[in-house]
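J.: next input, structure requested:
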Amino acid sequence: MKKCIICGKSKKESEFNIEHIIPEALGNKSLKIDKVCTECNSKLGSKVDKYITTGSFMELIRNNYKVAGKNKKIPFPFKEGIDEYGNRVRLDNNFKPTIIPKVEKIGNIYNIKASSKQEAIEIIEKVYERENLNINQKNEIISKIESAEMKTYKPTISYDIKANFNEIELAILKIAYEYAYLRLGDTYYDDICGIEIRKIIQKAINNNKVEKYNFINHIWTESEFGKIINNLGKEINNSHFLLMQTVNNKIQLIISLFCDMSLSYIMDISDNADRYDNTNFIEFIKLNKTWYNVIKINILLYFLT
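T.: Got it, this is the predicted structure:
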(Lines give C-alpha, C1' and ligand atoms only; values in the text may rest on other atoms or scores of the structure.)
Protein backbone atom coordinates (compact mmCIF):
# COMPACT_ATOMS: atom_id res chain seq x y z
CA MET A 1 0.00 0.00 0.00
CA LYS A 2 1.11 3.56 -0.69
CA LYS A 3 -0.23 6.91 0.50
CA CYS A 4 -1.25 9.55 -2.03
CA ILE A 5 0.37 12.89 -1.24
CA ILE A 6 -2.74 14.75 -2.44
CA CYS A 7 -5.78 12.99 -0.93
CA GLY A 8 -3.81 11.26 1.86
CA LYS A 9 -5.47 7.89 1.27
CA SER A 10 -3.54 4.60 1.28
CA LYS A 11 -4.10 2.72 -1.94
CA LYS A 12 -2.70 -0.20 -3.92
CA GLU A 13 0.38 0.38 -6.06
CA SER A 14 -1.75 -0.28 -9.15
CA GLU A 15 -3.90 2.75 -8.28
CA PHE A 16 -0.97 5.13 -8.82
CA ASN A 17 0.60 6.50 -11.97
CA ILE A 18 3.31 8.97 -12.92
CA GLU A 19 2.55 12.63 -12.21
CA HIS A 20 4.45 15.31 -14.09
CA ILE A 21 5.32 17.98 -11.53
CA ILE A 22 5.42 20.63 -14.24
CA PRO A 23 2.72 19.60 -16.75
CA GLU A 24 3.92 17.56 -19.69
CA ALA A 25 2.09 20.02 -21.97
CA LEU A 26 4.70 22.60 -20.92
CA GLY A 27 7.51 20.43 -22.26
CA ASN A 28 8.50 18.67 -19.01
CA LYS A 29 9.63 15.12 -19.76
CA SER A 30 11.89 14.53 -16.77
CA LEU A 31 10.59 16.06 -13.51
CA LYS A 32 8.10 13.48 -12.21
CA ILE A 33 6.77 11.92 -9.02
CA ASP A 34 5.06 8.55 -8.48
CA LYS A 35 3.13 9.27 -5.27
CA VAL A 36 -0.08 10.71 -6.69
CA CYS A 37 -2.99 8.30 -7.12
CA THR A 38 -4.65 7.98 -10.52
CA GLU A 39 -7.84 9.68 -9.32
CA CYS A 40 -6.02 12.73 -7.94
CA ASN A 41 -3.75 12.84 -10.99
CA SER A 42 -6.79 13.12 -13.22
CA LYS A 43 -8.35 15.84 -11.06
CA LEU A 44 -5.11 17.81 -10.96
CA GLY A 45 -4.98 17.81 -14.73
CA SER A 46 -8.56 18.97 -15.23
CA LYS A 47 -8.87 21.38 -12.28
CA VAL A 48 -5.37 22.74 -11.59
CA ASP A 49 -2.83 22.08 -14.35
CA LYS A 50 -5.26 23.43 -16.95
CA TYR A 51 -4.62 26.95 -15.67
CA ILE A 52 -1.06 26.86 -17.02
CA THR A 53 -1.67 24.72 -20.11
CA THR A 54 -4.82 26.21 -21.66
CA GLY A 55 -6.46 29.61 -22.09
CA SER A 56 -5.46 32.46 -24.38
CA PHE A 57 -2.57 33.75 -22.22
CA MET A 58 -0.89 30.35 -21.75
CA GLU A 59 -1.49 29.39 -25.38
CA LEU A 60 0.32 32.59 -26.36
CA ILE A 61 3.25 31.63 -24.09
CA ARG A 62 3.35 28.06 -25.42
CA ASN A 63 3.16 29.30 -29.01
CA ASN A 64 6.07 31.65 -28.35
CA TYR A 65 8.24 28.79 -27.05
CA LYS A 66 6.91 26.27 -29.62
CA VAL A 67 5.75 23.77 -26.99
CA ALA A 68 3.37 21.13 -28.33
CA GLY A 69 0.75 19.42 -26.20
CA LYS A 70 -0.02 15.72 -25.96
CA ASN A 71 -1.71 15.98 -29.36
CA LYS A 72 1.72 16.94 -30.79
CA LYS A 73 0.34 20.31 -31.89
CA ILE A 74 1.64 23.74 -30.90
CA PRO A 75 -1.22 25.95 -29.67
CA PHE A 76 -2.32 28.65 -32.10
CA PRO A 77 -3.89 31.48 -30.06
CA PHE A 78 -4.62 33.63 -33.11
CA LYS A 79 -7.49 31.55 -34.45
CA GLU A 80 -10.14 34.22 -33.95
CA GLY A 81 -10.03 37.98 -33.40
CA ILE A 82 -11.84 41.22 -34.24
CA ASP A 83 -10.93 43.47 -37.15
CA GLU A 84 -11.06 47.29 -37.15
CA TYR A 85 -14.72 47.22 -38.28
CA GLY A 86 -15.88 44.87 -35.56
CA ASN A 87 -16.03 41.78 -37.77
CA ARG A 88 -15.04 38.43 -36.31
CA VAL A 89 -12.04 37.10 -38.23
CA ARG A 90 -10.38 33.69 -38.33
CA LEU A 91 -6.76 33.01 -39.24
CA ASP A 92 -5.41 29.71 -40.48
CA ASN A 93 -1.95 28.49 -39.47
CA ASN A 94 -0.47 30.46 -42.36
CA PHE A 95 -2.11 33.65 -41.00
CA LYS A 96 -4.55 33.85 -43.92
CA PRO A 97 -7.65 35.78 -42.71
CA THR A 98 -11.29 34.94 -43.41
CA ILE A 99 -14.33 36.79 -42.10
CA ILE A 100 -16.69 34.66 -40.07
CA PRO A 101 -19.91 34.74 -42.15
CA LYS A 102 -22.64 37.05 -40.91
CA VAL A 103 -25.97 38.32 -42.25
CA GLU A 104 -27.93 41.26 -40.88
CA LYS A 105 -31.38 42.40 -41.98
CA ILE A 106 -32.10 46.11 -41.69
CA GLY A 107 -35.62 46.76 -42.92
CA ASN A 108 -35.77 45.04 -46.31
CA ILE A 109 -32.01 45.19 -46.83
CA TYR A 110 -29.73 42.21 -46.23
CA ASN A 111 -26.17 43.07 -45.23
CA ILE A 112 -23.96 40.03 -45.86
CA LYS A 113 -20.36 39.61 -44.73
CA ALA A 114 -18.48 36.67 -46.19
CA SER A 115 -15.03 35.70 -47.45
CA SER A 116 -16.15 34.70 -50.95
CA LYS A 117 -19.05 35.12 -53.36
CA GLN A 118 -19.87 31.43 -53.07
CA GLU A 119 -20.05 31.69 -49.28
CA ALA A 120 -22.38 34.71 -49.56
CA ILE A 121 -24.64 32.84 -52.00
CA GLU A 122 -24.82 29.86 -49.62
CA ILE A 123 -25.87 32.25 -46.84
CA ILE A 124 -28.69 33.65 -49.01
CA GLU A 125 -29.86 30.13 -49.85
CA LYS A 126 -30.23 29.46 -46.12
CA VAL A 127 -31.99 32.79 -45.55
CA TYR A 128 -34.34 31.97 -48.45
CA GLU A 129 -35.36 28.69 -46.78
CA ARG A 130 -35.59 30.17 -43.27
CA GLU A 131 -37.51 33.37 -44.07
CA ASN A 132 -39.54 32.18 -47.05
CA LEU A 133 -38.19 34.75 -49.54
CA ASN A 134 -39.83 34.58 -52.93
CA ILE A 135 -37.69 33.29 -55.76
CA ASN A 136 -37.40 36.70 -57.41
CA GLN A 137 -36.00 38.27 -54.24
CA LYS A 138 -33.47 35.49 -53.88
CA ASN A 139 -32.33 35.67 -57.50
CA GLU A 140 -32.01 39.46 -57.33
CA ILE A 141 -29.74 39.22 -54.26
CA ILE A 142 -27.63 36.46 -55.85
CA SER A 143 -27.28 38.52 -59.02
CA LYS A 144 -25.95 41.46 -57.00
CA ILE A 145 -23.51 39.17 -55.20
CA GLU A 146 -22.20 37.73 -58.47
CA SER A 147 -21.60 41.20 -59.92
CA ALA A 148 -20.08 42.65 -56.74
CA GLU A 149 -16.44 43.73 -56.78
CA MET A 150 -14.11 41.58 -54.69
CA LYS A 151 -11.52 43.43 -52.58
CA THR A 152 -8.25 42.32 -51.05
CA TYR A 153 -8.73 41.83 -47.33
CA LYS A 154 -5.79 42.80 -45.10
CA PRO A 155 -7.34 43.49 -41.71
CA THR A 156 -5.83 44.82 -38.53
CA ILE A 157 -6.89 42.21 -35.98
CA SER A 158 -7.23 42.66 -32.23
CA TYR A 159 -7.17 39.82 -29.71
CA ASP A 160 -8.47 39.62 -26.17
CA ILE A 161 -5.73 37.82 -24.23
CA LYS A 162 -6.80 37.08 -20.66
CA ALA A 163 -4.93 35.72 -17.66
CA ASN A 164 -6.35 35.00 -14.20
CA PHE A 165 -3.26 35.06 -11.99
CA ASN A 166 -5.07 33.55 -9.00
CA GLU A 167 -5.61 30.46 -11.15
CA ILE A 168 -2.02 30.48 -12.38
CA GLU A 169 -0.76 30.78 -8.78
CA LEU A 170 -2.85 27.75 -7.80
CA ALA A 171 -1.05 25.71 -10.48
CA ILE A 172 2.31 27.08 -9.30
CA LEU A 173 1.49 26.01 -5.72
CA LYS A 174 0.77 22.50 -6.96
CA ILE A 175 4.20 22.42 -8.63
CA ALA A 176 5.80 23.73 -5.43
CA TYR A 177 4.10 21.11 -3.25
CA GLU A 178 5.03 18.16 -5.45
CA TYR A 179 8.58 19.40 -5.95
CA ALA A 180 9.03 19.89 -2.19
CA TYR A 181 7.81 16.34 -1.58
CA LEU A 182 10.15 15.00 -4.28
CA ARG A 183 13.24 16.70 -2.87
CA LEU A 184 12.50 16.76 0.88
CA GLY A 185 10.95 13.29 1.16
CA ASP A 186 8.01 11.83 3.08
CA THR A 187 8.69 14.08 6.09
CA TYR A 188 7.22 16.95 4.11
CA TYR A 189 3.73 15.44 4.35
CA ASP A 190 3.53 16.63 7.99
CA ASP A 191 5.21 20.00 7.40
CA ILE A 192 2.92 22.85 8.53
CA CYS A 193 3.41 24.78 5.27
CA GLY A 194 3.00 21.56 3.28
CA ILE A 195 -0.30 20.84 5.02
CA GLU A 196 -1.61 24.33 4.20
CA ILE A 197 -0.65 24.01 0.54
CA ARG A 198 -2.21 20.53 0.36
CA LYS A 199 -5.49 21.91 1.79
CA ILE A 200 -5.54 24.56 -0.94
CA ILE A 201 -5.02 21.92 -3.63
CA GLN A 202 -7.68 19.65 -2.13
CA LYS A 203 -10.18 22.53 -2.00
CA ALA A 204 -9.48 23.31 -5.65
CA ILE A 205 -9.97 19.76 -6.93
CA ASN A 206 -12.93 18.90 -4.69
CA ASN A 207 -14.83 22.20 -4.61
CA ASN A 208 -13.50 24.04 -7.69
CA LYS A 209 -12.30 26.75 -5.30
CA VAL A 210 -9.69 29.26 -6.50
CA GLU A 211 -8.65 32.01 -4.08
CA LYS A 212 -5.95 34.61 -3.53
CA TYR A 213 -2.89 32.97 -1.95
CA ASN A 214 -0.94 35.16 0.47
CA PHE A 215 2.32 33.21 0.75
CA ILE A 216 3.18 33.14 -2.94
CA ASN A 217 4.62 36.24 -4.59
CA HIS A 218 5.32 37.21 -8.15
CA ILE A 219 8.97 38.03 -8.88
CA TRP A 220 9.31 41.49 -10.37
CA THR A 221 11.92 42.46 -12.93
CA GLU A 222 13.51 45.04 -10.62
CA SER A 223 14.16 42.55 -7.81
CA GLU A 224 17.43 40.70 -7.30
CA PHE A 225 15.90 37.40 -8.39
CA GLY A 226 14.12 39.14 -11.27
CA LYS A 227 17.45 40.29 -12.68
CA ILE A 228 18.87 36.76 -12.36
CA ILE A 229 15.88 35.22 -14.14
CA ASN A 230 16.06 37.85 -16.88
CA ASN A 231 19.70 36.93 -17.47
CA LEU A 232 18.89 33.23 -17.44
CA GLY A 233 16.16 33.79 -20.00
CA LYS A 234 18.73 35.35 -22.32
CA GLU A 235 21.43 32.71 -21.77
CA ILE A 236 19.40 29.51 -21.47
CA ASN A 237 16.66 29.12 -24.04
CA ASN A 238 13.52 27.06 -23.56
CA SER A 239 13.95 25.92 -19.95
CA HIS A 240 12.04 25.91 -16.70
CA PHE A 241 13.98 26.92 -13.60
CA LEU A 242 13.56 25.86 -9.94
CA LEU A 243 15.71 26.93 -7.02
CA MET A 244 15.24 25.68 -3.45
CA GLN A 245 17.34 27.23 -0.69
CA THR A 246 17.39 27.85 3.07
CA VAL A 247 16.93 31.41 4.32
CA ASN A 248 16.84 31.96 8.13
CA ASN A 249 15.62 28.38 8.69
CA LYS A 250 12.84 28.84 6.13
CA ILE A 251 12.90 26.87 2.92
CA GLN A 252 12.37 29.18 -0.02
CA LEU A 253 11.41 28.01 -3.49
CA ILE A 254 11.62 29.91 -6.75
CA ILE A 255 9.70 28.59 -9.75
CA SER A 256 10.16 30.23 -13.14
CA LEU A 257 8.33 28.63 -16.06
CA PHE A 258 10.19 29.20 -19.35
CA CYS A 259 12.51 31.54 -17.37
CA ASP A 260 9.79 34.07 -18.17
CA MET A 261 9.16 36.96 -15.76
CA SER A 262 5.38 36.73 -16.21
CA LEU A 263 5.52 33.17 -14.83
CA SER A 264 8.14 33.55 -12.07
CA TYR A 265 7.20 33.13 -8.40
CA ILE A 266 8.83 32.89 -4.99
CA MET A 267 7.36 31.35 -1.82
CA ASP A 268 8.21 29.83 1.54
CA ILE A 269 7.42 26.12 1.49
CA SER A 270 8.60 25.36 5.05
CA ASP A 271 9.29 27.31 8.25
CA ASN A 272 11.52 24.57 9.65
CA ALA A 273 14.53 23.71 7.49
CA ASP A 274 16.13 21.83 10.40
CA ARG A 275 13.77 18.91 9.78
CA TYR A 276 15.49 18.05 6.51
CA ASP A 277 18.95 16.79 5.59
CA ASN A 278 19.27 18.77 2.38
CA THR A 279 17.24 21.79 1.35
CA ASN A 280 19.33 23.27 -1.45
CA PHE A 281 18.53 22.23 -5.01
CA ILE A 282 18.70 23.85 -8.40
CA GLU A 283 17.03 22.50 -11.52
CA PHE A 284 16.89 23.44 -15.17
CA ILE A 285 14.26 21.50 -17.10
CA LYS A 286 14.99 21.72 -20.79
CA LEU A 287 11.77 21.65 -22.79
CA ASN A 288 11.04 18.12 -24.02
CA LYS A 289 14.48 16.90 -22.82
CA THR A 290 16.40 15.94 -19.70
CA TRP A 291 18.85 18.61 -18.49
CA TYR A 292 22.28 17.16 -17.73
CA ASN A 293 23.96 17.32 -14.32
CA VAL A 294 27.11 18.93 -15.69
CA ILE A 295 25.04 21.90 -16.78
CA LYS A 296 23.42 22.10 -13.36
CA ILE A 297 26.83 22.14 -11.67
CA ASN A 298 28.09 24.93 -13.92
CA ILE A 299 24.98 27.00 -13.28
CA LEU A 300 25.27 26.45 -9.52
CA LEU A 301 28.82 27.78 -9.62
CA TYR A 302 27.53 30.78 -11.52
CA PHE A 303 25.14 31.54 -8.66
CA LEU A 304 27.74 31.00 -5.96
CA THR A 305 30.17 33.44 -7.57
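J.: mind jotting down where the helices sit in the stretch 151-300 of the chain?
T.: Secondary structure of the stretch 151-300 of the chain (DSSP state H, counting those that start in this stretch): helices at 165-184, 192-207, 224-235, 293-304.
J.: can you give me the buried ones in the longest one?
T.: This means helix 165-184. Within helix 165-184, the residues that count as buried by 16 or more other Cβ atoms under 10 Å are 167-184. (Each C-beta comes from the backbone N, C-alpha and C, glycine too.)
J.: re earlier: and of the helices of the stretch 151-300 of the chain, who's closest to residue 39?
T.: With Cβ to Cβ as the criterion, residue 39 lies closest to helix 192-207 of these, at 9.6 Å.
J.: which other helices and strands contact the closest one?
T.: helix 38-47, helix 165-184, strand 264-270 (3 or more Cβ pairs under 8 Å, 6 or more residues apart in numbering; DSSP states H and E).
J.: need those in JSON lines (columns: mean pLDDT and distance to residue 240).
T.: Listed next are the helices and strands packed on helix 192-207 as JSON lines, based on pLDDT from 0 to 100; distance: least, Cβ to Cβ, whole Å:
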{"stretch": "helix 38-47", "mean pLDDT": "96", "distance to residue 240": "17"}
{"stretch": "helix 165-184", "mean pLDDT": "96", "distance to residue 240": "9"}
{"stretch": "strand 264-270", "mean pLDDT": "96", "distance to residue 240": "10"}
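J.: got JSON lines for those, with distance to residue 248 too?
T.: Below are the helices and strands packed on helix 192-207 laid out as JSON lines (distance: least, Cβ to Cβ, whole Å):
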{"stretch": "helix 38-47", "distance to residue 248": "32"}
{"stretch": "helix 165-184", "distance to residue 248": "17"}
{"stretch": "strand 264-270", "distance to residue 248": "10"}
